[in-house]
Structure formats: structure tokens, C-alpha cells
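Engineer: sequence plus predicted model, see below.
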Amino acid sequence: MMSSSFNIFRVGISVVIMCIFYKSAVDSLSELSPQKYFSTLQPGKASLAYFCQADSPRTSIFLEELNEAITPLQDYGISVAKVNCVKEETSRYCGKEEDLMKAYLFSALLFNEVKYITTLEDLQNIENALKGKANIAFSYVRAIGTPEHRAVMEAAFVYGTTYQFVLTTETALLESIGNEDIENAHLYFFHCKQVLDLTLQCRRTLMEQPLTTLNIHQFIKTMEAPLLTEVTEDPQQVSTVHLQLGLPLVFIVSQQATYEADRRTAEWVAWRLLGKAGVLLLLRDSLEVDIPQHSNVIFRRAEEGVPVEFLVLDDIDSLISHVESNVHIEEIQEDEDEDTKSPNMDVQDDEVAETVYRDRKRPLPLELTVELTEETFNTTVVASDSIVLFYAGWQAVSMAFLQSYIDLAIKLKGTSTMLLTRVNCADWSDLCTKQNVTEFPVVKMYKEGKNPVSYVGMLGTEDLLKFIQLRISCPVNITSVQEAEEYLSGELYKDLISYSSVSVLGLFSPNMTTAKEDFTEAGNYLKGYAITGIYSEEDVLILSDKYAATLPALLLSRHKEGKIESIPLANSHAQDIIQIITNALLETFPEITVENLPIYLRLQKPLLILFSDGSINPQYKKAILMLVKEKHLDSLTPCWLNLKNTPVGRGILQSYFDTMPPLPLLVVVNLHSGGQVFAFPSDQAITEQNLLLWLKKLEAGLENHITILPAQEWKPPLPAYDFLSMMDAAASQHPTRKDPECTKEMDVQENDKKQHEDKSAIIKEPIETLRIKHWNRSNWFKEGEKSFRHDNKEL
Amino acid sequence: MRLAAAARLWGPPGLLLTFALHPALCLRPARTAAPPHRDYCVLGAGPAGLQMAYFLQRAGRDYAVFERAPRPGSFFARYPRHRRLISINKRHTGKANAEFNLRHDWNSLLSHDPQLLFRHYSRAYFPDAGDMVRYLGDFADRLRLRVLYNTTIAHVTLDKDRQAWNGHYFILTDQTGQAHRCSVLLVATGLWVPNQVDFPGSEHVEGYESVSVDPKDFEGQNVLILGRGNSAFETAENILGVTNFIHMLSRSRVRLSWATHYVGDLRAINNGLLDTYQLKSLDGLLESDLTDLAVVKDHEGKFHITLKFFLEESNQSADAITLPQDDNDNFAMRVAYDRVIRCLGWKFDFSIFNKSLRLSSSGEFSKKYPLVKASYESKGSRGLFVLGTASHSVDYRKSAGGFIHGFRYTVRAVHRLLEHRHHHVPWPSTEHPISQLTNSIVRRVNEASGLYQMFSVLADVILLKENATAFEYLEEFPMQMLAQLETITGRKAQHGLFVINMEYGRNFSGPDKDVFFYDRSVGHTEDAWQSNFLHPVIYYYRHLPTEQEVRFRPADWALPRPTAIHHIVEDFLTDWTAPVGHILPLRRFLENCLDTDLRSFYAEAMKVGAAPLIITGLAAVTRQK
């Protein structure tokens, strides 16, 4: 279906992917020289060219992917060719040094076309950036994965190079540009290209038809058409793109004498009717056909054979309303069945599931990881140090993470001694159970097949890479004072410092056997998360004296801050040591990111967050660090959030305050009990004294919270099918089916009575509180919408 | 007479009579001399007994299996007479998942040893019974199960003792008079006493257990078979081509397993006679109550069918007895038969159990089975469990509890119950964060064999933790015991629960149902509740149902009315992993029961703010892990 709708309007897009490497010839790609390629370019025909320097060793994966993409792309009317760049070639595509190690072309094409935004500010930024350069197609859809969303993405695929496509699902954003109808998808066309004065807003045209691929196509076509055309022919003979699209034409009749004024009027009308009708300026003087004397407007319907109407209209509004009331916009139903039946509960609103489903036909280069089975698992993990990804082929998160895992394999190719393997638990269920895998996905690291370490970080390439890189056998045995100093300074494991900002060194006298064992156990446990070392030579006192440590002790070297601190370890068991090190890995005043938030949330303390637009003012940092040092913040987790790095902070602030407050801003969020949010008064300077005073008042309960976060913030996005009442409805149509109480043992009368009471109670309950809605094709969707909206409000 | 017949079949003739005298003598000495004690005694080394022995052995329990034959599986050494098992041995499914593959392996017992899978014993889809005997022997040997062969337990009685686990011991007396004292008795003796119907002339009738299996013996004969089960049809199938005709007579109409979805009914592999009957090839089926009949042997040695009623009227010589055709000259069975064969199945041997055990039969419709609770424990004596085929009263004509592929799971359920009751080992469970809820269910409904075979008998149970932030997953719990879940499993069900069951459509199965009707399959997710073929059904309860609610549940419901119910739409491939067709509606159901959002999000999306998040929401990122 998708491809057929595209065949209707192939347009000229040319997507160019550049690359300077090239290895082997791939048969099914047609190979061309640059000159030949450019000479074969046809207007109105999309083509994908791939420019390669003729001597690259590393892009075979890319070429394979490209090969895979040929057929689907051809379905979309796009031809694929490879262009060999010779060294002296001067084409502007050949020179660019961009290493495309991997590219999944098809989705790459689709996804780079659309910018996803959440705030009005984002929209304004894009708008400003494109003024005088390009027009914008801005759309709001209820959720990712709806048919409307798909229609927009398809349009973006075709028009993405001509217009900037911008997408949002934020109702607040839609409302802020003046549209209250958040239940339907909308598309606006921002006319930014002709805006030369950067202080002016781009004109906007709202598409009024439902968002279907064809409607969007039609709409954009009318946006592309000239706003106003001057004609001197017979109105009956004129033809513009509007007629082809089924839209009427409006001729403003002008004469030489009033030309200037008429043109202004016509332009004004044209803007008003943009997307609904074509507007033309007809010069009566140079026209050979007769036009009734008084008529100032000619209206021509799109239908063939209908005579033109000559109108006499007093003002623009009556002209507009005449057109609008006469325009029968042909509603193009794409697929009636689908429109009436589907939308709704079947819409995939889980973005992970949606992307995995979308990419289901895209083969992953799985060969970079070793697939293990029940038979090969044990021998493999014993034979070589291995990372094992346990996943389930049917589970979306697994498959999304498998993608990251493959990316990691590509990154590590040929550089790591670690074997990257995977087990599909959908096939090897018993094996996974035996390896204690009860959820998906799980990553474990096996060294010599023993004591697997589970990975608990974010399910992404970067964090997993860190985990793998830090796997060096911990604790590292340090053998000399000199080496210990190198270790503490970060010299020894220079390449690992970027993965761990803290190096831990345990200091022991040679005879402290149990303490050493405990430390070793802890180091082992933290493998993959922290670098630990151990030093227990005779001359350990040199180090303990230097760092004022009492043996046994820990030295913590914080590389970022260039500080080394010591912690006594007397009588600490492995668990305590793990706790000490884990706490030490936490920063005292961290920048909160999406990735590290869970770690800090685990502390279960209220967050003291400084929201900052860009990096933090050193003064504030100093003030807070001072308070930390003086132990005033022990009951809180102080942190800051850089809106530039973590834009979602904006959304957070907006849910705290109704409007975006001025930054920087300090808040205390009591997440774990109560959910109150307190804001530090913005008229006060963030100084140590002011903060301390405020915190004291807070503690004393003298401050008012600005908002309370709802406890149940994660509501079901949509209702479920109510099979129970469907079954009831069906059962009530067959009264022959007896009620159970009557059929079975009637001996105990009391029982029977009680039974009835029980039953009514049970039936009542779900109606009161269960959010399962009655399934009724005509109105359930509205209900679902309502609850959806309601939830959003709550958020 | 019944005993004597049994003895002829199973042991040296006369042996049982001797033992019958013993119990009275043995009881007293047993008490004083303290007979050898076992915590668990298993009667019978058939599939169910061995299966239980395996679990007891793995758990390190004190147990013994008593088997009168010298090798395990003696029933299979004789039956089925024509040696072809009708339990499928599907060696290829296209899948590697061992648990899934058990769904289509109806012969293997459960063990940790992949060599002990039946597909290593036979390549036949319908394997030879000899392979089953060999398999069971290997199972006992390889796993070193403690089986006392050649030990016939002739009498079982109770010995009250307040010290005992159940307030009494079971005293088993073997053929040598040796007594064995057991805390728990697990009866896995199967059904082996041939069912007989007493009517005049029944002495002329040959039994399935002894009739010739050589088709040559039936050349050109008129044969009447009594019974309409698989053994009757199996017998007919064997001689269909050599007889003049076969008539088959039984009380009830034929029940085809593909219409009833019950594997104990007539399997298509044996139903050649239905074909020839309907094509008018002289073979035929008739319905009549066997107890009203009489068989009369004439002077030529041929058999005539008449009514008991006529015999009672007169006391004439055989040739002069009134026959139905004397009045109705078109009476269907007016022809004389050369042979009458009885194929009426078997029943449980109640005879060795002392009355004090109060082990009674299950009532009018399943007389052949001892009466047990849904937990397979006898209603009469605590600590006595019935396993295997004999435990089929729980799901007779419903599920697979009377067959290896079903009872291997019910045996495991009984063992889990015992582990908790006597050893404080709670029912095994895995604990997961709530984010894994959909996954856990999808995984089980797609691979679990126990749920699939023992549909509507064993069900998985999900116990929610406080605030529904986590849950415990319990596998294969006998669902009729749901009200007693906390006592049986040792797990707490205070915060709501889900029950995952597999079900056929309500009105789909039955002997008179057309299961090939047009539009029999449901494809749309919103019509999932009307699914006909086996499909997963998830019940949600806010509170554990009470015994009353379970007992007085609606007639055609597997469980009491839940707070909410979800059907995963039936699937032609029994692969319930379609993202939109299966998983999405399931997630919506779970979300709405728990009033929460179970979606996953990309952290990247959070960075750019794709979701309307507040900072608490970010914690959800961790839920993924």
C-alpha cells in the first residue's frame, strides 16, 4: 500500500551518501563514473548515489547494506547507483571525508528528514533558522505509530529534502500555537522561505483535511503552487495544478486602472484561500472574452464541464465564504476499511516495540556476534572470556538492544579479546533458566566460564562499552610504590580513565589476609563498574604515610578533581567495601542526566536540583559544595541539570511551574515521599547563606510547596478490551444457560444467599474502579481519548 | 472372580489368594517390630510412579517404589495389544526450544537428562509399545530410581499415630508378608482391571486383554465388538480387512477426539471402521445398553444377540430362546456372530485398600477412578495421593491428566505441594520487577508444555507484590485449588493475582459438534474472547477467590468470575508473539488491571523529550533492567 501511494507522485529527490572508502565491487550495484552519473540524472526521478574513493578497505558492511536496500528503494521509484571517485575527481560529493561505517539506508532516509520537538522554543528555533531558506511542514500527531504519524513520515520521505519536516506529540505545543483540537492530528505549513526580515513570523497555513498520505501530498502541492498567477486568457481555458487536485479557481477581475489595489486584494485572498482554491488575477483589459460588466470575481469549479460563475461580491469575507461553502473538497479515502475499523487500541504506542516492528525486515549483521546454543554455550564461555547477551527474539526491548549490541560489536571489531556472544532464550529456554536469566534482555560477562558478572547499566552501546572496557581483572595487583603512584595519577590505565573517573587502591600490610580477601571479593564484584587495585608490599607504609591512611585503607583517586582521599577499612567486610566504593563513585554534586539519574534516585533522598541553561555558574557550585562540606545537605541529593545536555528538563520544569520559570533555578523535589516540589525564591541570590536559611525553613515546614507530583504518574495509555462484559452480553442473549448457583448443590441455603451478595459485590467493583471501557465501535475511541487526555492533565 | 482373573494376567496363579489371608496376621507384628519406614511410598513403577520417584530422588527424599513386575511399565508390556501407541512422538517441530517441543512429545517423562527423551527411543510418529517399555526401563536405570521390583503390595491399611505427618501411617504389606510403613502414600497403579459387564452369556465373550491379535484367526468371520473406545477400534482396525463384517456395540455414541479435543476419545488413527460403516461396506456401529443384552450360543457355536428380558421369560434350550428378530424381522443384529469381543477399558484396583482408607470410587460417571480432590489427594485419607492414569477423575474427558503427557505435570504439582507441606520448601517461584510482567506471560504461553497439555487444570499464577511493583511467578498450579493457594504453596497472595490458563472456546468441543464449520477461527483481537482453538486466557483477581467461589463458579467457567479477563486471540501457529495482534492487547489488559503504564522508552527519546515526562518518570528507565 505504501509503495503504491508513492508511485502516484514520484518527485525529484536526490539523496547522496558520501564515503571515501571502497573495497570490493558489488555486482548488483550499477557502477558509474561521476560524469556519467550526473549525465543520467533525470528530473522527476529520485536516485540514490553512493560516492566512493576507489581504494578503501573498510566499507564492505556498508556496501552489503546498500545492496540490501536496492530493492526496497526501487519500490519507491528510487534508483541506486555507486559512483567511483577517482583521486583527482573534482565533484563536490567526492571530496567529503565522512566515514560511513554502517548505514541502514532506508530508515536513515526516513529518519533524518523529520525533527522531533517538544517545546514552542524548539519550534521557534527551527523557524528562525530557516527564515529565508526553506519552508517547514510542522505536524502534531497524537502518538507515534498512528496512521497519521505514518502518513507524515511517508510525506517526509518524499518532500523531506525540500521542506523541513517537524513533528511533535506535545499537546501543550499545539495549544501554544493556538490550536485547541488536540484529539486530531494537524499539519501546518510554515512559509518561511520568503521571510527575509528575521523579526517577522513565518506565515502558517493549517491543513484542514484529515492527515492521510494523499491529502498531505495534495496540500503540499498547493503550497508549492504560486500564490497568485496573473492571466490574460479565457478563465475557461486556464489550467493550474489546483484543478488537477480537484480545487476550484478564483479569478479576481482587475483592470489596468486599479491593478495595484487589485493585486494586493488578490494576494490577501490568495493567502486566505491557500490550500482551498487557486487564486488568479485576471486582467480584463487584455481579455478577449466578454465578462459581465459588474462582476469582479469569476469562480470556476474543478469539475469539468461546469460553466464558470460570474460573481459580484462586495467584500473579501463574502468572497471567502462563497468559495468555502461551494468547495466540495473531495475526501479521498485511502482505505475505507482501515479508516473505520482500525485506529486505536491496535496502535502501537510503545516506541521500542514500534521501532523494532518498523525495522523488522532490516537484517542485522548478526555474524559479528557468536550465536550460542545449549551445546556450544559451556565450551565457549570456558574457552574464551565472553560477553553473553541473553535475549528473546519476540521481545521488543531485546531486539532494540540487540541492535546496540551489534553496534558495539562493530566498534570493538578486531580490538577486543572479549568474545561477543548471544543466546536467544526463545530457542534455548532451559539454558537461560540455568544461567539464572529470568528477564530479557540480560548481559553477563563470563571469565573462564565462571562467576558471571551481570551488567546492570543502561541498555545502550556506550554504557555497555564502558562495562566491557573496565573488565580488567580487578583488583589489579600493584607491585611497587612507583606503580601505585602511576595508578593513582591515572597514568597506568590511561585508556580506561575515560570510563571510570575514580581509581580505587586498597592498601594492606602483607599479613592482612582476611582484609585482602574481602577487598579482592569486592573488587571482583565491581568488575566492569570501577577500577580497583591492591597494594600490599612490605613498603606499603610509604604510601599510607604519604596519604595519611591507617592500614588497612582505601585510597580513592578522583581524576576529574585531581584529589586523592583515604578511607580506613578496619573490620570492613566485602559488602561494606562494595558499599564504600559504590558511594565513592557517586559525585557529590553531579550533573544529572537521563543515564545517571537512576543511580542517584536509588539513594532515596529528595533531590536538590539546580536547573541551568548551559554550564553551571561556578559561584553556585561553590556555594553548594560548601554546604555539602559542612554537612548541611546530608539529607538531600544535590545535583544540577544542564538543559542544553538534557532538554527534557524543560518538560520537567513545565510540569512543576505552569510557565517556564527564569533560569537558573533551584528546586527540592521530594520524590520518595509526598512528591512535593519546593522552589528557591528566584528573587534571592543563590548564596550559601540564603540557601542555608531556605533549607532550614524548608525543614521547619515553613515553606509552601509549589506543586505536588501525583503518586500514580504512570497510567495506562489506552483502555483494554473488556472481554468480560462482551461475554456477559453474549451470555444474556442465551437465557437458556442457567446460572451456576441454580445448577449446583442447593443444599445449603445460607450459602446460596451469601453467594448472591458476594456476587453483586464482585460485579460492582470493576465498574467503579477498573478502567476497562465498554467496547463499542462508535464511541469507545472517544472514551479512550478522554481518559488519555485526562491522564496527560494529571501529568 | 475378578481377583482370579487378575492373577492370571499378572502373576503366578493363586498368589493373590494367599496374600489375601496375610494382612490380618501381619498387622499386629508390624506394629511391634517397627516395619521399615519410608517417608514416601510409591505404588507402581509405571510412568507416573517413575515420574514421582524422579522428583523425590532429585529432592533427596526418603522414598521407595513398589513394583510387582520385574521391570517398569508392565502395562505397556501387554497393552495396547496391537502394540501401536496413539501418543504422538513428534521429533521435529522446527524449534529448538526443549520446553516447547515437549508439547508435541506425548511419551517422554520429565527429567534433566536430554537423553531421556522419547525421540531417542523411536522414530515412529505413533511408536511401538515395546519402545515405551524400553524407555521406562532406561528411565528407572539411568536415573537410579529406587524401585523394589517383584514386590506386590497386597494390602494397604492405616495405622493411627499422632507422631505421623498426617496423623497416621500407611502400612503396606507385600507378598512375603513384609510390612512397610509410609508417611505418604502415592498410588500410581494405573487402571488395569478390565471392565466387564455382567449379562447372560458374557462367558462367551473374549476380552481385549486375551483376544488373538493375529488377523488370520478372523478370516471370513462375523465379529461383534463391545465397546467404543480406542481399544475397540484398534481391535477392529487390525481385522477390518479379513472379516466378513464388524459390528460395534456400545451404550453411548462414538466420541471423536478431534471433535471433543480430548485425547482419550477415538483417535483418527484408529477410526477406519467409521469410514467403512458410512460407505456401507457391511461394517457398522450400534448403540444399546450392554446390561440389557444377552448372548446366546447356538449348536453351531455361533452367537446370537438377544435381550436379557427374553431369557428371564423362559427356561428353554439355547436354540429355542426368543430372539428380537422373531418380533422385528428387520432387527439390526439378527445375524449370527462367530466372535464377540469385549473392549471396555479398565478400572482402578480398589481391592488392596483397606476400608479404613476410605478410598472410594468417583461416582456414577467415573466409577473406574478413585475419588480425589483437585490436589490429587484422596478425599478419604490425608497423605494418600493418586497419581497418573488413576488420577484422571479430576479432568476426565476434559484434559490430559490421564495420559503421560498430562500427568507428568500433575505429578510435579503434587510433588511441589508435598515439598511445601512436609519440608517447608515453598512452591518454586521467580520474582520479577513489574516491567517484566508482559514478558513472563508471553514467554510461558509460547513455550510452556504443562499449561498446554493440562489446559484448564494446571495454570500459572502471578502473585502481585505490594503496590504492584514486582511479582512472583508460580508455574502449573492446580487451578481448582486456587482458594487454598497460600496453604499449598507457602506464598502470599495479598495484593491481587493473575491466573494464566489455556482454553478451548466454550461451545467448540463436543461429540456432536462440527469443528470444521466455516469461520471457526478468530483473527481480530477484539473478538479474541470468541476464539475456539486452544488459546491463553488470563484472569485477574483483586483478591484470592474463596473456596465457595471456586466451587460455585458459573457452569462453563474454569475459574470464578474474575475482576477482568483477557483472551489472547487464537493463533494458527500457536505462536503468540505477534507485536500488535498478541502482545499489545495483552499489555493493555495488564496496564488497565494494574492502572499503570508498562511501555518501554528509549532514553534517547527522553533526552529530546519525546514523552511528557516529569522527573519521577525517568525512574522508569530503570524498570527496563
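Structural biologist: Arrived safely, thanks for sending.
Engineer: least trustworthy helix or strand in chain B by mean pLDDT?
Structural biologist: Lowest mean confidence among the helices and strands of chain B (mean pLDDT, DSSP states H and E): helix B:615-618, at a mean of 33.
Engineer: separation between the nearest residue to B:G345 once chain neighbours are set aside and chain A?
Structural biologist: Closest residue to B:G345 apart from its sequence neighbours, by C-beta to C-beta, 6 or more residues apart in numbering or on different chains: B:N195 at 5.0 Å. Where C-beta positions appear, they are placed from N, C-alpha and C, glycine not excepted. B:N195 is 29 Å from chain A, where distance means C-beta to the nearest C-beta, to the nearest Å.
Engineer: go on, B:A34?
Structural biologist: According to C-beta to the nearest C-beta, B:A34 stands 43 Å off from chain A.
Engineer: could you do B:T235 as well?
Structural biologist: Distance, B:T235 to chain A, by C-beta to the nearest C-beta: 38 Å.
Engineer: pretty sure that residue sits in a helix.
Structural biologist: Yes - under DSSP: H, G, I helix; E, B strand; the rest coil, B:T235 falls within a helix.
Engineer: before we move on, back to that, tell me the contacts of the residue nearest to B:G345?
Structural biologist: The contact partners of B:N195, taken as C-beta atoms under 8 Å, 6 or more residues apart in numbering or on different chains, are B:344-347, B:368.
Engineer: include pLDDT and distance to B:I86 when you put these into a markdown table, please.
Structural biologist: Below are the contacts of B:N195 laid out as a markdown table (pLDDT from 0 to 100; distance: C-beta to C-beta, whole Å):
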| residue | pLDDT | distance to B:I86 |
| --- | --- | --- |
| B:L344 | 92 | 18 |
| B:G345 | 92 | 14 |
| B:W346 | 93 | 16 |
| B:K347 | 92 | 20 |
| B:K368 | 88 | 19 |
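Engineer: what pLDDT does residue 163 get?
Structural biologist: Reading this off chain A. Looking at A:Y163, its pLDDT stands at 85.
Engineer: oops, I was thinking of chain B
Structural biologist: Per-residue confidence (pLDDT) for B:Q163: 90.
Engineer: residues in contact with it?
Structural biologist: Taking C-beta under 8 Å, 6+ apart, one finds nothing in contact with B:Q163.
Engineer: how much space separates it from chain A?
Structural biologist: Distance of B:Q163 to chain A, given as C-beta to the nearest C-beta: 36 Å.
Engineer: what's around the nearest residue to A:Q395 once chain neighbours are set aside, how many residues?
Structural biologist: Residue nearest to A:Q395 in three dimensions, not counting chain neighbours: A:F440, with 4.9 Å by C-beta to C-beta, 6+ apart. Residues lying near A:F440 (other C-beta atoms under 10 Å in any protein chain shown) number 26.
Engineer: check the one 4 residues further on too.
Structural biologist: Residues contacting A:K444 under the criterion other C-beta under 10 Å number 19.
Engineer: element containing it?
Structural biologist: A:K444 belongs to strand A:442-447 when elements are defined using DSSP states H and E.
Engineer: same question for A:L541.
Structural biologist: A:L541 belongs to helix A:540-546, assigned by DSSP H and E.
Engineer: after that helix comes which helix or strand?
Structural biologist: Under the assignment DSSP H and E, the closest C-terminal helix or strand after helix A:540-546 is strand A:553-558.
Engineer: where does the residue in the stretch 101-250 of chain B that chain A sits nearest to land in three-state SS?
Structural biologist: Going by C-beta to the nearest C-beta, chain A is nearest to B:P114 of the stretch 101-250 of chain B, at 8.2 Å. Recorded secondary structure, B:P114: coil (three-state DSSP).
Engineer: how about the strands in the stretch 351-500 of chain B?
Structural biologist: Counting by DSSP state E, counting those that start in this stretch, one finds strands in the stretch 351-500 of chain B at the ranges B:384-386, B:429-433, B:458-464, B:470-478, B:497-503.
Engineer: what about whichever residue of the stretch 301-450 of chain A sits closest to chain B, neighbour count?
Structural biologist: The stretch 301-450 of chain A approaches chain B most closely through A:W394 (3.4 Å), counting by C-beta to the nearest C-beta. Residues contacting A:W394 under the criterion other C-beta under 10 Å number 22.
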